[in-house]
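> I'll drop the sequence and a predicted model, then ask my questions.
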Amino acid sequence: MAIKATVFKANLQIADMERHYYQDHALTLARHPSETDERMMVRLLAFALHAHEYLEFGQGMTDDDEADVWQKDLTGAIELWIDVGIPDEKLIRKACGRSRQVIVYCYGGRVADMWFAKDSAQFARQKNLTIVNLPVESTQALAKLAQRTMNLQCTIQDGQVWLSDGNESVEVERVVLKAPATGAILHAHS
């Protein structure tokens, strides 16, 4: 008998001063049995950083043809593909061919550094790819915010990101390892 996903509910208040985006989102996250709280919270963070009315969670953990978080236009074309963790380079290349913009939020400290170093030449060829490394201290602190029912506030201002549950606040540093080629990126949240 297969183990079912655990359902988490998050009321997420976003105040993104950089994009002038101020919205509340009632989200349902299905955490796959093999997914950690850390990975799930990085998915939630990715949602907060790119929030849009058409942004939604995908089945990226179990389906190579779907992103962890993605945004499609009204025709079904993929505008934004977001993966978290350290996805296989071939899957990233495939996503770059299918989507206008691809962002990978990697984490895991030294493991993420080695993953990036191993495939950096391949990543450099992808003009619409952004890779952002999240420090392990931040992602582990995010994991501690995970609850079956969460009320979270995300504040984004002057390059800083804060996620808070009212008791604990976590500052998340973002280190860009690879930026898209100049002119290749079209913001999916405009």
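The structure has been received and is ready for your questions. Not measured: the values here are computed from a predicted model.
> check which residues of the longest helix seen in the chain are buried.
For the chain, the helix that runs over the most residues, judged by DSSP state H, is helix 110-124. Buried residues in helix 110-124, counted by 16 or more other C-beta atoms under 10 Å: 112, 115, 116, 119, 123. Yep, even glycine has a C-beta here, placed from its N, CA and C like the rest.
> any idea of the mean pLDDT for that helix?
Average pLDDT, helix 110-124: 95.
> also stretch 149-169?
For stretch 149-169, the per-residue pLDDT averages 95.
> buried ones in that stretch, by neighbour count?
For stretch 149-169, a neighbour-count test (16+ other C-beta under 10 Å) marks 150, 152, 153, 154, 155, 156, 161, 163, 164, 165 as buried.
> wasn't the fifth one part of a strand?
Yes - with DSSP: H, G, I helix; E, B strand; the rest coil as the criterion, residue 155 is located in a strand.
> regarding the residue nearest the centre of the chain, which helix or strand does it belong to?
For the chain, the residue nearest the mean C-alpha position is residue 46 (2.9 Å; C-alpha atoms, centre = their mean). Per DSSP states H and E, residue 46 falls inside helix 37-49.
> run the chain-centre distance for stretch 172-181.
Distance of stretch 172-181 from its chain centroid, counting by C-alpha atoms, centre = their mean, to the nearest Å, is 12 Å.
> which residues touch it?
45, 101, 106, 116, 120, 123-124, 127-135, 138-139, 142, 159, 161-163 (C-beta atoms under 8 Å, 6 or more residues apart in numbering).
> now, those that are in strands?
Members of the contacts of stretch 172-181 lying in strands (criterion: DSSP state E): 101, 106, 129, 130, 131, 132, 133, 134, 161, 162, 163.
> between these, which sits nearest residue 83?
Nearest to residue 83 out of those is residue 106 (C-beta to C-beta; 8.8 Å).
> can you pull the pLDDT of the closest one?
Taking residue 106 on its own, its pLDDT is 97.
> that one and residue 116 touch, don't they?
Yes - judged on C-beta atoms under 8 Å, residue 106 makes contact with residue 116 at a distance of 6.7 Å.
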